[in-house]
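Colleague: The amino acid sequence is not available; the structure is as follows:
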C-alpha cells in the first residue's frame, strides 16, 4: 500500500448536488477509490457543514436550489480563505462563460455532465495529491520558521552570556570593548587599543598625578570632601 493509498482512506469528499441519483452515483464511484463520502443537497447545507468540519475536497454542482454553486464557492472562499478545501465543479453547464465564472469564483477544476468517470477519478486524485503536497510544504516551512526563531533566541542568549560576568551578571570587559570600539573614534580601524583597557586600569588602579609636573594635565584634587 502506497502513501497515497493511506491518505485516500482518510480523505473525505463532500458531494453537493440536488439530484439524488447523481449523488448516489458519485458516492459509489468515490467510495470504490477508498474515500469517505458526505452528501449534501444544497449550497446552504454545504456552507453549514463546512462551518462545522472542512472536507478534503468538494464536488460541487453549479445549478442548485437557493444558493447556486458559483455563489456557494464564493462564500466558501470568503469564509475560509487559504483554508478553503479545493472545489471541483461537476455540472451540465459547459459554455465558456460558465467555465470562466467557475474559475473566477475559486473552483480548482471543472468537470461537465455526463460524467466521464475515469477522468473524474484521476482529477480528484490529482487535486488531493497536490493539496496534500502543498500542505506538507507549508508544514515544513512553518517548522523551519520555528527552528530559526529558536536559533535566533539561542544566539541572543549566547551573546548575552558572553558579555556579562557569570558571578555578578554585570557587563564584562568584552562588553566594554565592543561598546567602545563601536562607539569610539575608530580604534579598530586604526589598530589602536580599545579605550576600555585604559578605563579598567584607571578604575581598578587609580594613580596620583604630582602637582605641577605638567601644566597641560589637570591636577586631581584627592583631598577629603
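Modeller: Good, I have the coordinates. Please read all numbers here as calculations on a predicted model, not as lab measurements.

Colleague: separation between the residue minimising distance to the centre of the chain and residue 63?
Modeller: By C-alpha atoms, centre = their mean, the chain has its centre lying nearest to residue 142, at 5.0 Å. To residue 63, residue 142 is 39 Å away according to C-beta to C-beta, to the nearest Å. No exception for glycine: its C-beta is placed from N, CA and C like everyone else's.

Colleague: And residue 75, how far from residue 84?
Modeller: Look at residue 75 and residue 84: by C-beta to C-beta, they are 10 Å apart.

Colleague: And for residue 67?
Modeller: 16 Å.

Colleague: for residue 146, helix, strand, or coil?
Modeller: Three-state call for residue 146 (DSSP: H, G, I helix; E, B strand; the rest coil): helix.

Colleague: Residue 99 - how many residues pack around it?
Modeller: Neighbours of residue 99 under the rule other C-beta atoms under 10 Å: 17.

Colleague: Which helix or which strand is home to it?
Modeller: helix 96-104 (DSSP states H and E).

Colleague: How about residue 13?
Modeller: Short version, using DSSP H and E: residue 13 is in strand 12-16.

Colleague: Next, the buried residues of that strand.
Modeller: Residues of strand 12-16 classed as buried: 13, 14, 15, 16 (neighbour count, 16 or more other C-beta atoms under 10 Å).

Colleague: so can I have TSV of the residues you listed showing distance to residue 130 and pLDDT?
Modeller: Listed next are those as TSV, based on distance: C-beta to C-beta, whole Å; pLDDT from 0 to 100:
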residue	distance to residue 130	pLDDT
13	15	97
14	18	98
15	20	97
16	21	97
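
Colleague: ranges for the strands of this structure?
Modeller: 12-16, 36-40, 57-60, 87-91, 109-112 (DSSP state E).

Colleague: which residues sit in contact with residue 92?
Modeller: 63, 112, 113 (C-beta atoms under 8 Å, 6 or more residues apart in numbering).

Colleague: ok, now which ones touch the first one?
Modeller: To tie it back to what came earlier, the one meant is residue 63. By C-beta under 8 Å, 6+ apart, the residues touching residue 63 are 18, 69, 91, 92, 93.

Colleague: Please give the number of neighbouring residues around residue 17.
Modeller: 25.

Colleague: residue ranges for the helices of the chain, please.
Modeller: 3-10, 20-31, 43-52, 69-80, 96-104, 117-162, 173-183, 195-204 (DSSP state H).

Colleague: In the third one, which of the residues would be classed as buried?
Modeller: Pointing back at helix 43-52 there. 43, 45, 46, 47, 49, 50.

Colleague: Please identify the nearest residue in space to the last one, excluding sequence neighbours.
Modeller: Meaning residue 50. Nearest residue to residue 50 in three dimensions, chain neighbours excluded: residue 76, at 6.3 Å (C-beta to C-beta, 6 or more residues apart in numbering).
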